[in-house]
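Peer 1: fold the following.
(chains A and B)
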Amino acid sequence: MNKSMNIREKRFVAIAAAIALVFGLTPVANAMHIMEGYLPAGFCIAWGAICIPFLIAGYMSIRKTLKENPKTITLLAMAGAYVFVLSSLKIPSVTGSCSHMTGTGLGAILFGPTAVSILGIIVLIFQAILLAHGGLTTLGANTFSMAIAGPFVTYGIFVLCKKIKVNKHLGVFLAAAIGDLFTYCVTAFQLAMAYPSESGGVGVSVVKFLLVFAPTQLPLAIIEGILTVVIIIGLETYASSELAELGYLAGGVK
Amino acid sequence: MSKTKKTVIGLLLVVVLIAVVPLFVLKGAEFGGSDDAGSVAISEITGSEYEPWFTPIMETAIGGELPGEIESLLFCVQTGIGVGIIAFVMGRFVERKKKEDRLDNAK
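Peer 2: Next up is the predicted model:
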């Protein structure tokens, strides 16, 4: 049973990789986070305001988890570090430009989507201040796409896969990969709202920005999915007690 | 070699392949950064050159763009912090498991 699942999993990964390689070999430019100063002030404030309740919920969720299971702080540190690593690696993509992953999938699966908003905003602040990557004025919008919208999708897919009894690792893969991809869809949407096309309005702009982001991000989303599975396998092997405390092994839904 | 190990190594190989293949397939591609490209897309839509209304705080502080080498240094610092934490925690887990297994065997 288990073995056949594994073969299916491998086959799935292989097919997905093949699709990614064939997909859009045209050079397309891309952007990662929204650049400093590129969103009108009104949008900056609006996105920031939307993020605040999620950040508060995230803080309370983390505090609750740590109070109930103090031992899980090691896993929390690891989920945060995972975001640090993955969002710093710029990887060449099939479209001839580079992009990076989000790394928020692991935290979302282990700690729930709101907790990741805190981890994500730490990384975004680091990059905005030191690296001139992303930005302080666009922090709200970037936090929403990378640390809120993406993780919620990841979590939803993970729970759904569990409900319909998909192989757990395949579920983790799909959750992390689609969450990553969704992050960039949200970014495209945010940019389109701020820059509606003169001829066709927001709709045309969304398509335009999506065409810029999606083909570049697709292979990276697959990489992110695979890496998250690898980390989860490692944790299952060596940290089963912490995972059990988080409810990952039992039901995963907390 | 256990099955888990094989799976992990296989998966990591796929990751490396996905990351490296474009580099060889798309010879001469620029693999350029993000920021310029993003602003190009914006100016295509608005039809005019877009002026950011806020410059990154770091660029204001040093009075110019961050040099490429320094930027990669800072990116490496970010990666380093992350990898350090993951390696430290993972190392602890692995050793703990070994110890537990030994205790179980001794019983």
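Peer 1: what is the helix or strand where residue B:16 lies packed up against?
Peer 2: Per DSSP states H and E, residue B:16 falls inside helix B:3-25. On a contact count with 3 or more C-beta pairs under 8 Å, 6 or more residues apart in numbering or on different chains; DSSP states H and E, helix B:3-25 meets helix A:2-22, strand A:90-92, helix A:201-238. Where you see a C-beta, it was placed from the backbone N, CA and C, and this is true even at glycine.
Peer 1: longest helix in chain B, please.
Peer 2: Criterion DSSP state H: the longest helix present in chain B is helix B:68-106.
Peer 1: rank the helices and strands packed on helix B:3-25 by pLDDT, which is bottom?
Peer 2: With a mean of 57, helix A:2-22 has the lowest mean pLDDT of the helices and strands packed on helix B:3-25.
Peer 1: walk me through the domains of chain B.
Peer 2: B:1-27, B:67-107 (automatic domain parsing).
Peer 1: what about the closest residue in space to residue B:54 that isn't next to it in sequence, distance to residue B:75?
Peer 2: With C-beta to C-beta, 6 or more residues apart in numbering or on different chains as the criterion, residue B:54 has its nearest non-adjacent residue at 3.6 Å, and that residue is residue A:37. As judged by C-beta to C-beta, to the nearest Å, residue A:37 and residue B:75 stand 21 Å apart.
Peer 1: where's residue A:95, which helix or strand?
Peer 2: Using DSSP H and E, residue A:95 falls outside every helix and strand.
Peer 1: can I assume it is in contact with residue A:215?
Peer 2: Yes. Using C-beta atoms under 8 Å, residue A:95 is in contact with residue A:215, at 5.0 Å.
Peer 1: show me which of those two is the more surrounded one.
Peer 2: residue A:95 (27 against 21; other C-beta atoms under 10 Å in any protein chain shown).
Peer 1: ok, now how distant is the more buried one from residue A:216?
Peer 2: Counting by C-beta to C-beta, the gap between residue A:95 and residue A:216 amounts to 5 Å.
Peer 1: then residue A:94?
Peer 2: Residue A:94 is 8 Å from residue A:216, by C-beta to C-beta.
Peer 1: who's more crowded, these two?
Peer 2: residue A:216 (29 against 25).
Peer 1: touching, residue A:119 and residue A:79? I think so.
Peer 2: Yes. With contact defined as C-beta under 8 Å, residue A:119 reaches residue A:79; the gap is 6.2 Å.
Peer 1: common neighbours of those two, please.
Peer 2: Common neighbours of residue A:119 and residue A:79, counting by C-beta atoms under 8 Å, 6 or more residues apart in numbering or on different chains, are residue A:107.
Peer 1: which ones are touching the residue minimising distance to the centre of chain B?
Peer 2: Centroid check for chain B by C-alpha atoms, centre = their mean gives residue B:79 as the closest residue, at 6.5 Å. With contact taken as C-beta under 8 Å, 6+ apart, residue B:79 is in contact with A:84, A:85, A:88, A:89.
Peer 1: narrow those residues to those in helices?
Peer 2: Using DSSP H, those in helices are A:84, A:85.
Peer 1: low pLDDT regions in the chain?
Peer 2: With no chain named, the answer covers chain A. A:1-32, A:249-254 (pLDDT under 70).
Peer 1: you answered for a different chain; I wanted chain B.
Peer 2: Using pLDDT under 70, the flagged stretches of chain B are B:1, B:28-40, B:44-51.
Peer 1: how far does stretch B:16-24 sit from the chain's center?
Peer 2: 15 Å (C-alpha atoms, centre = their mean, to the nearest Å).
Peer 1: for stretch A:35-55, that is, sorry about that
Peer 2: Centroid displacement of stretch A:35-55 relative to its chain, using C-alpha atoms, centre = their mean, is 19 Å.
Peer 1: what lies in contact with that stretch?
Peer 2: Contacts to stretch A:35-55, defined as C-beta under 8 Å, 6+ apart, come from residues A:114, A:117-118, A:121, A:128, A:132, A:134-141, A:143-144, A:147-148, A:190-191, A:193-194, B:34-35, B:38-39, B:42, B:50, B:52-56.
Peer 1: distance of residue B:93 from residue B:105?
Peer 2: On the measure of C-beta to C-beta, residue B:93 and residue B:105 end up 19 Å apart.
Peer 1: higher neighbour count, these two?
Peer 2: For the pair residue B:93 and residue B:105, the greater number of neighbours falls to residue B:93 (21 against 7), based on other C-beta under 10 Å.
Peer 1: once you drop chain neighbours, what's closest to that one?
Peer 2: Leaving aside its sequence neighbours, residue B:93 sits nearest to residue A:238 (C-beta to C-beta, 6+ apart; 3.8 Å).
Peer 1: contacts only, for that neighbour.
Peer 2: B:90, B:93, B:94, B:96, B:97.
Peer 1: mind checking how far the last one is from residue A:71?
Peer 2: Going back to what we said before, that points to residue B:97. 14 Å.
Peer 1: so which of these two has more stuff around it?
Peer 2: Using other C-beta under 10 Å as the criterion, residue B:97 and residue A:71 rank with residue B:97 on top: 15 against 12.
Peer 1: check contacts around the more buried one.
Peer 2: Residue B:97 neighbours (C-beta under 8 Å, 6+ apart): A:237, A:238.
Peer 1: distance between the ends of stretch A:235-248?
Peer 2: 11 Å (C-alpha to C-alpha, to the nearest Å).
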